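> no FASTA, just this:
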DNA sequence: AAAACGGGGCC
DNA sequence: GGCCCAGTTTT
């Protein structure tokens, strides 16, 4: 026994050893960035934020989040909305199945759960668009339940902390990182700390300190617990497998003119841009020649595909010759469900839900042909 | 287990 | 130009 301990009464507790969760939470209390969804405990708002944040950065989400809640402040309002109006507010955010699922989910919550978000992991997982991550996020953040969560940030932090070897996105590596996360959140709960704050702190650390490239280990509040830092191999984690290359598609968007009106079409629910509106667009064979000459071209990169889009103007009679009925034009995944004539201003001012690539090509056309107004 | 699913920010 | 982002669903 060390001399200084000699007179310490047995009953008196030792000063608590700084634990990983305590160090992390102490840091989070001072370093948490303000975010709109951190001002509320409303499960609906937490849910909305988590869905918008799927594969999407915080800064991108904030304006969409505010606009969405102005229009749909409660789950009941969202459940009662038309899908078109939901998609309009999602236009430009991407991954549009998120919006369709959110809308269906709101209806499920109202009709089946009496307007209240379920508090059980198994039940909440039945809501469309709520997977393992989002279930853990809502349950821990809105309800203080000790549920784990793993997103890209958490996976990176835990991978470095424990030098996890597998790719956390698939197979064994995924199971491992989730196991680590669950064990940790159980310890957090046992220590009477808040699981929601802990989960958010882990994500905050990942996005501001334990970043993908050049992490700030010297400023990390939990560097003392980190195996990768100890071995100076933080840049080697997480270990990820390479992604496959994206195929390139050539698309032709028709600008069908009738005086100052342009023809728009709505895609079916399934597949890319499901439920969204666009200029009638065909997929072409890679070597197809363009005639007449396109008035605009854009290249647009998706996560899994590169789109080369050309816009070709055509008058009503020529359009009818090519496609006797509008329905004769089919987009690459199923048929269009609806057509509508709009002037350029209406189309560009949010009266229909346009994906970013379509908004981009429309803006180029408006710029190049002064006839539109 | 792998592929489909958007778009933008950052190096 | 490639990587990554508070992932989920379908195949």
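That came through fine. Fair warning: this is a prediction, and the values are worked out from it, not measured in the lab. Numbers count the residues shown, from 1 in each chain, chains lettered A, B, ... in the order given.
> Scan chain A for its longest helix.
helix A:171-190 (DSSP state H).
> Any residues of chain A in contact with DNA strand B? List them.
Applying Cβ under 7 Å from any atom of the strand, one finds that chain A approaches DNA strand B through A:55-57, A:59-60, A:92-97, A:170-171, A:213, A:244, A:271-274, A:300-305, A:333, A:355-357. Glycine gets a C-beta too; all of them are placed from N, C-alpha and C.
> Name only those of these that count as buried.
For these, a burial check counting by 16 or more other Cβ atoms under 10 Å picks out A:93, A:94, A:96, A:272, A:273, A:274, A:300, A:355, A:357.
> Max pairwise distance over the residues you listed: which two?
A:274 and A:300 (17.0 Å; Cβ to Cβ).
> residues of the longest helix of chain A that come out buried?
A:173, A:174, A:176, A:177, A:178, A:180, A:181, A:182, A:184, A:185, A:188, A:189.
> Next: stretch A:283-292.
For stretch A:283-292, by 16+ other Cβ under 10 Å, it's residue A:284.
> first to last residue in that stretch, what's the distance?
One end of stretch A:283-292 sits 16 Å from the other (Cα to Cα, to the nearest Å).
> Lowest average confidence across helices and strands of chain A, where is it?
Every helix and strand of chain A was ranked by mean pLDDT, DSSP states H and E. The lowest is helix A:316-322, at a mean of 89.
> Can you name the residues of the stretch 101-250 of chain A sitting close to DNA strand C?
A:101, A:128-135, A:137, A:151-153, A:156, A:200, A:203-204, A:206-207, A:212, A:240, A:242-243.
> Among those residues, name the buried ones.
The buried subset of those - by 16+ other Cβ under 10 Å - is A:101, A:128-130, A:133-135, A:137, A:151-153, A:156, A:200, A:203-204, A:206-207, A:240.
> So residue A:258 is in contact with residue A:342, correct?
No. If you go by Cβ atoms under 8 Å, residue A:258 and residue A:342 don't touch, sitting 10.8 Å apart.
> Comparing those two, which shows the higher neighbour count?
Counting neighbours by other Cβ atoms under 10 Å for residue A:258 and for residue A:342 shows that residue A:342 has the greater number, 17 against 12.
> Which helix or which strand is home to the more buried one?
Using DSSP states H and E, residue A:342 sits in strand A:336-343.
> buried ones in that strand?
Quick answer for strand A:336-343 (16+ other Cβ under 10 Å): A:336, A:339, A:342.
> I'd like the residues you listed as CSV, with pLDDT appended.
Formatted as CSV, the buried residues of strand A:336-343 follow (pLDDT from 0 to 100):
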residue, pLDDT
A:336, 93
A:339, 94
A:342, 96
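> tell me which of those is nearest to DNA strand B?
residue A:336 (15.3 Å; Cβ to the nearest atom of the strand).
> which residues touch the closest one?
A:265, A:266, A:267, A:268, A:280, A:326, A:327, A:329, A:330 (Cβ atoms under 8 Å, 6 or more residues apart in numbering).
> Now do the strands in the stretch 101-250 of chain A.
Ranges of strands in the stretch 101-250 of chain A, per DSSP state E, counting those that start in this stretch, are A:248-258.
> What are the boundaries of the helices in it?
With DSSP state H, counting those that start in this stretch, the ranges of helices along the stretch 101-250 of chain A come out as A:121-124, A:132-143, A:152-162, A:171-190, A:195-208, A:227-230.
> how about these in JSON lines, adding mean pLDDT?
Putting these into JSON lines (pLDDT from 0 to 100) gives the following:
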{"stretch": "helix A:121-124", "mean pLDDT": "98"}
{"stretch": "helix A:132-143", "mean pLDDT": "98"}
{"stretch": "helix A:152-162", "mean pLDDT": "97"}
{"stretch": "helix A:171-190", "mean pLDDT": "96"}
{"stretch": "helix A:195-208", "mean pLDDT": "98"}
{"stretch": "helix A:227-230", "mean pLDDT": "96"}
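> Which one, of these, ends up nearest to residue A:217?
helix A:227-230 (4.8 Å).
> Looking at the stretch 1-150 of chain A, which residue is nearest DNA strand B?
Residue nearest to DNA strand B within the stretch 1-150 of chain A (Cβ to the nearest atom of the strand): residue A:94, separated by 2.8 Å.
> From residue A:276, how far off is that residue?
10 Å (Cβ to Cβ, to the nearest Å).
> overlap in contacts of these two?
Residues touching both residue A:94 and residue A:276 (Cβ under 8 Å, 6+ apart) are residue A:355.
> Now residue A:283. Its backbone dihedrals?
Dihedral angles of residue A:283 (phi, psi; degrees, to the nearest 10) stand at phi -100, psi 130.
> That one contacts residue A:250, correct?
Yes. Using Cβ under 8 Å, residue A:283 is in contact with residue A:250, at 7.2 Å.
> For the residue in the stretch 201-350 of chain A that DNA strand B sits nearest to, give me its contacts.
Nearest residue of the stretch 201-350 of chain A to DNA strand B: residue A:303, at 3.1 Å (Cβ to the nearest atom of the strand). Going by Cβ under 8 Å, 6+ apart, residue A:303 touches A:55, A:246.
> sec struct for it, please.
coil (DSSP: H, G, I helix; E, B strand; the rest coil).
> tally of neighbours for the closest residue to residue A:234 other than its chain neighbours?
Counting by Cβ to Cβ, 6 or more residues apart in numbering, residue A:228 is the residue found nearest to residue A:234 once chain neighbours are left out, at 4.3 Å. Residues near residue A:228, counting by other Cβ under 10 Å, number 23.
> Wait, residue A:228 touches residue A:158, no?
No. Using Cβ under 8 Å, residue A:228 makes no contact with residue A:158, being 10.4 Å away.
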